[in-house]
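prediction below, plus the sequence it came from.
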There are 2 protein chains.
Amino acid sequence: MISQHPSDLNDVLKAKKDAFQIPDGVIYLDGNSLGVLPKNVPARLQQVVTEEWGSSLIRAWNTHSWIDLPGRTGDRIAKLIGAPDGSVVACDSTSVNVFKVLSAALSLCPDRKVILSDSGNFPTDLYVASGLKELLDKGHELKVVAPEEVKAAITSDVAVLMLTQVDYRTGRVHNMEDLTRTAHEAGALTIWDLAHSAGAIPVDLTGAKADFAVGCGYKYLNGGPGAPAFLYVAPPHQDKVMPPLTGWMGHEAPFAFDLDYRPVTGISRMTVGTPPILSLSSLFAALDAFEDVDMNDIRKKSISLSELFISEVEAKCPQLTLASPRDPQKRGSQVSFCFEEGYAVMQALIARGVIGDFRAPDVMRFGFTPLYLSHQDIVDAVSILADILETASWDCPEFKTRAKVT
Amino acid sequence: MISQHPSDLNDVLKAKKDAFQIPDGVIYLDGNSLGVLPKNVPARLQQVVTEEWGSSLIRAWNTHSWIDLPGRTGDRIAKLIGAPDGSVVACDSTSVNVFKVLSAALSLCPDRKVILSDSGNFPTDLYVASGLKELLDKGHELKVVAPEEVKAAITSDVAVLMLTQVDYRTGRVHNMEDLTRTAHEAGALTIWDLAHSAGAIPVDLTGAKADFAVGCGYKYLNGGPGAPAFLYVAPPHQDKVMPPLTGWMGHEAPFAFDLDYRPVTGISRMTVGTPPILSLSSLFAALDAFEDVDMNDIRKKSISLSELFISEVEAKCPQLTLASPRDPQKRGSQVSFCFEEGYAVMQALIARGVIGDFRAPDVMRFGFTPLYLSHQDIVDAVSILADILETASWDCPEFKTRAKVT
């Protein structure tokens, strides 16, 4: 008999699970790294490939509106992050988009030299900032403080406050509204990386008065491996910023083939080259799953799942130490536990069908995706984890070798 | 009875047409803009989506070697452009890649300030150069001369000679070896855009001693709409250049999540963010078509097709004026004709199933893709063109309105 956790009985998102392909025997707690396959994607992709590309060929740029796909996809994402139509575009990778918005933001504050970030930022954001600083060679400083020290570090020399809202390791959430207000009071602009926020927690970019944002298409948005990322520019800034990557897709008249660059008005000036239509079509189709969903319902279930997970782990696996904030309001849609042998335990878990991931040195990370996880999944996953720990079945060479990607 | 042109009888590439999906009633002379769908791509993509993403989920980065896909795809492209393994990577868009290699090249010549290009370069390359120049703000000059004046303009103040080998409008081919030698003698580096070269004509980057190159995945390589582009860095430069877009994929240890960027050795340091696996898998699969093909055979047939096209058009459509070099050695795999009413005629041609394209102000552009075109296709296409011109069937309002993308 298949068990059902009582909290699943009143789950308003229960039916959503049918929209996703979950492999048999798998409890997937890694949707924060790569979302599962939405069932509508394979057929939609097949249509794009065989009908649009295969039959319409070059004409599909018009007849199937490929040319507008970055903006149309952006508008769908905008609804999930509290942004108006025409303020978000899906394009390039998150790293490339960080480069674009950071360069744009710095150009608006030419007299200030500090880029303030924290050690909880996703490393690639810091790499990009560091690379841009070297490239500009104008005396910028990349100041990286501890997450809890950010607010106090927003001084009058800060040009841009650049943070990832949800820490990729611990799930700790920054208060976007409060930090943005503090930054603005100090005369600084803000860039928010929503990689672990979009589709995971309610985000209100407009309400928070955020200046710029970027985010990822392949985590909670389920767009597929390496799906295009997105970027947001607050409407008042859009026509003031000169994009640093001045490609033809951001030109006022891309098909006039003028020799001089003139940026188009609006968010599209932040696009660069020809968009990868197949990957972008997958992301667009994946967003169907969010059409009739309230992000507040997602948040409510996410907290219910993560609270259950923490209480189950703490009851059954006392060897593990919670690495995430205990207050659910202060975490995103993931929970991490530290354990010295976390790597091997995670390998053993994956071998038993419970897929989470591991981040050095000792963090076991579990993501909660309310669209396709049930409370019963949580109970079952922890039961397997407890069994692995109890029988020490992770303590063998098979699970101790580091894989290239974990 | 279906006619067969005598030149098709001995065509060594004849069987290749079966590898592509050509819509019924279409003669496709726009493979220089978007290549047709290779028949193996839909099944391969379905496999990537449903098996790799759908079933292996996050594990597919290792188990299906997604992590190596940019390099593996690059190695396949390398074989077509005379580059060694490990010198080409498939990633990002051509525009973004131009930014990367131009920035890298300029960093190797800090004392020179001139970026030399020509008016035959694809405009986005010039836009990117102009944007980078503004961003660097170090007194660089973007000098754009006529194509025939390039050689004389390679003076001792030139840092980088940046050219598209095959002119996107006329098909005029630059002599890569000669211009690269001249540039090197003047102490300059070279960047070659192979957008209309890769898969179209034999290219020998190693033999020409080219320093950097970029190119497009969706034209002659048939990778699909917006397929990732590629870039080449000559092996001696690879570990000397600091990439300007310093993303985690170019890090020495991307999964160590260090806070500091350390570029990996080799070509991979030019990668930035997570690659779009679906679009990249399509490109990888599309390259199967080139596996058993000699680029010299492609070139031979390309010249045979374009020579036939020119002689047919000049015999049957005297209203049109050849805009491409008459010497086949000086053209790539396309031919353009000027005609005042070219836009309307092209619309009429497309309506009759002959798909070429139009570039302002009056250029009708026809691409020749030897893998899936026959000599009979050429004769049939010109016969339709002649009929349109003779009956003036393009001279109606239906064909006179400019579409957004042509």
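Looks like it arrived, so ask away.

how near is the closest residue to A:K330 other than its chain neighbours to A:D362?
In this structure, A:K330 finds its nearest non-sequential neighbour in A:V173, 5.7 Å apart by Cβ to Cβ, 6 or more residues apart in numbering or on different chains. For glycine as for every other residue, the C-beta is placed from the backbone atoms N, C-alpha and C. Plainly put, A:V173 is 22 Å away from A:D362 if you go by Cβ to Cβ, to the nearest Å.

more neighbours, these two?
Higher neighbour count among A:V173 and A:D362: A:V173, with 21 against 16, using other Cβ atoms under 10 Å in any protein chain shown.

where does that one fall, phi/psi-wise?
Per-residue torsions, A:V173: phi -100, psi 130 (degrees, to the nearest 10).

pull the number of nearby residues for A:S197.
Using other Cβ under 10 Å, A:S197 has 26 other residues around it.

so where's chain A shaky on pLDDT?
Along chain A, segments meeting pLDDT under 70 span A:1, A:402-406.

by residue count, which helix of it is the longest?
helix A:295-316 (DSSP state H).

which outside residues touch the helix or strand that comes right after it?
With elements assigned by DSSP states H and E, the helix or strand that comes after helix A:295-316 is strand A:321-322. For strand A:321-322, contacts defined as Cβ atoms under 8 Å, 6 or more residues apart in numbering or on different chains pick out A:310, A:313-314, A:335-339.

which of these are buried? Put it as a ChimeraX command.
Remark: buried members of the contacts of strand A:321-322, expressed as a ChimeraX selection using 16 or more other Cβ atoms under 10 Å in any protein chain shown:
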select /A:310,313,335,336,337,338,339
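
distance check, the closest residue to A:E149 other than its chain neighbours against B:P276.
Using Cβ to Cβ, 6+ apart and skipping residues adjacent in sequence, the residue nearest A:E149 is A:D118, 7.5 Å away. Counting by Cβ to Cβ, the separation of A:D118 from B:P276 is 29 Å.

how about A:S324?
Counting by Cβ to Cβ, the gap from A:S324 to B:P276 is 31 Å.

what residues are up against A:M295?
Shown in contact with A:M295 (Cβ under 8 Å, 6+ apart): A:80, A:201-203.

distance of the residue in the stretch 1-150 of chain A positioned nearest to chain B from B:T274?
Residue nearest to chain B within the stretch 1-150 of chain A: A:S93 (2.4 Å; Cβ to the nearest Cβ). Counting by Cβ to Cβ, the gap from A:S93 to B:T274 is 6 Å.

find the nearest non-adjacent residue to A:A285, please.
Closest residue to A:A285 apart from its sequence neighbours, by Cβ to Cβ, 6+ apart: A:R44 at 4.1 Å.

what about the one you found, how many residues nearby?
17.

repeat that for the one 3 residues further on.
Counted with other Cβ under 10 Å, the neighbours of A:Q47 add up to 15.

ok, it to A:G54 distance?
Distance, A:Q47 to A:G54, by Cβ to Cβ: 10 Å.

neighbour-wise, which of A:D118 and B:P276 wins?
Applying other Cβ under 10 Å to A:D118 and B:P276 shows that B:P276 carries more neighbours, namely 35 against 21.

so what's the more buried one up against?
With Cβ under 8 Å, 6+ apart, B:P276 has these contacts: A:225-228, A:276, A:278-279, B:228.

which of the residues you listed fall in helices?
Going by DSSP H, the helices hold A:278-279 from the contacts of B:P276.

just the contacts of B:P276 now: which is nearest A:W248?
Nearest to A:W248 out of the contacts of B:P276 is A:P276 (Cβ to Cβ; 15.3 Å).

can you list residues touching both of A:S93 and B:T274?
Residues touching both A:S93 and B:T274 (Cβ under 8 Å, 6+ apart) are A:G226.

who has more neighbours out of those two?
Set side by side, A:S93 and B:T274 show more neighbours around A:S93, with 29 against 26, by other Cβ under 10 Å.

ok, for that one, nearest residue in space, not its chain neighbours?
Beyond its immediate neighbours in the sequence, the residue positioned closest to A:S93 (Cβ to Cβ, 6+ apart) is B:G273, lying 2.4 Å away.

tell me how far that neighbour lies from B:G226.
B:G273 sits at a distance of 16 Å from B:G226 (criterion: Cβ to Cβ).

and what of A:D362?
A:D362 sits 41 Å away from B:G226, taking Cβ to Cβ as the criterion.

same thing with A:H184?
For A:H184, the distance to B:G226 equals 37 Å [Cβ to Cβ].

the two: which has the busier surroundings?
Set A:H184 next to B:G226 and count neighbours by other Cβ under 10 Å: B:G226 wins out with 28 against 16.

quick one: residues contacting the more buried one.
So B:G226 contacts A:66, A:274-278, A:280, B:93, B:218, B:279 (Cβ under 8 Å, 6+ apart).

7 Å instead, please
Listed by Cβ atoms under 7 Å, 6 or more residues apart in numbering or on different chains, the contact set of B:G226 reads A:274-277, B:218, B:279.

ok, A:L280 next?
Applying Cβ under 7 Å, 6+ apart, one finds that A:L280 lies in contact with A:69-70, A:73, A:90, A:228.

one more time with 8 Å
A:69-70, A:73, A:90, A:227-228, B:226.

and which of those residues is nearest B:H375?
B:G226 (31.3 Å).

check the secondary structure at the residue nearest to A:A90 when sequence neighbours are not counted for me.
Among residues not flanking A:A90 along the chain, A:T73 sits closest, at 3.8 Å (Cβ to Cβ, 6+ apart). Three-state assignment for A:T73 (DSSP: H, G, I helix; E, B strand; the rest coil): helix.

doesn't A:L283 make contact with A:T73?
Yes - counting by Cβ atoms under 8 Å, A:L283 is a contact partner of A:T73 at 5.9 Å.

can you list residues touching both of these two?
Here A:T73 and A:L283 share the contacting residues A:90, A:228, scored by Cβ under 8 Å, 6+ apart.

and the strands in the stretch 201-350 of chain A?
Along the stretch 201-350 of chain A, counting by DSSP state E, counting those that start in this stretch, strands occupy A:212-215, A:230-233, A:321-322, A:334-338.

contact partners of the second one?
Strand A:230-233 is contacted from outside by A:73-74, A:77-78, A:81, A:83, A:87-91, A:97, A:100-101, A:104, A:198, A:205, A:210-217, A:241, A:267, A:270, using Cβ under 8 Å, 6+ apart.

show me what the longest strand seen in chain A is packed against.
Longest strand in chain A, counting residues (DSSP state E): strand A:158-164. If you count contacts as 3 or more Cβ pairs under 8 Å, 6 or more residues apart in numbering or on different chains; DSSP states H and E, strand A:158-164 packs onto helix A:94-108, strand A:114-118, helix A:123-136, helix A:176-185, strand A:189-193.

circling back: and the residue nearest to A:A90, how far is that from A:V264?
Plainly put, A:T73 is 17 Å away from A:V264 if you go by Cβ to Cβ.

and for A:Q329?
Separation of A:Q329 from A:V264 (Cβ to Cβ) stands at 40 Å.

contact partners for A:L287?
Residues in contact with A:L287 (Cβ under 8 Å, 6+ apart) are A:73, A:76-77, A:221, A:223.

farthest pair within the residues you listed?
A:R76 and A:G223 (10.7 Å).

higher neighbour count, these two?
Applying other Cβ under 10 Å to A:R76 and A:G223 shows that A:G223 carries more neighbours, namely 33 against 20.

got the CA coordinates for stretch A:335-350 in PDB?
The C-alpha coordinates for stretch A:335-350 follow below in PDB (Å, rounded to 0.1, in the frame of the first residue of the first chain):
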ATOM      1  CA  VAL A 335      17.500  23.100   3.200                       C
ATOM      2  CA  SER A 336      21.100  22.100   3.800                       C
ATOM      3  CA  PHE A 337      22.600  20.000   6.400                       C
ATOM      4  CA  CYS A 338      26.300  19.600   7.200                       C
ATOM      5  CA  PHE A 339      27.900  16.200   7.700                       C
ATOM      6  CA  GLU A 340      31.500  15.400   7.500                       C
ATOM      7  CA  GLU A 341      30.900  12.400   5.300                       C
ATOM      8  CA  GLY A 342      28.200  14.300   3.300                       C
ATOM      9  CA  TYR A 343      29.700  13.600   0.000                       C
ATOM     10  CA  ALA A 344      29.600   9.800   0.400                       C
ATOM     11  CA  VAL A 345      26.200   9.900   2.000                       C
ATOM     12  CA  MET A 346      24.800  11.900  -0.900                       C
ATOM     13  CA  GLN A 347      26.200   9.400  -3.300                       C
ATOM     14  CA  ALA A 348      24.500   6.600  -1.400                       C
ATOM     15  CA  LEU A 349      21.300   8.600  -1.400                       C
ATOM     16  CA  ILE A 350      21.500   9.100  -5.100                       C
END
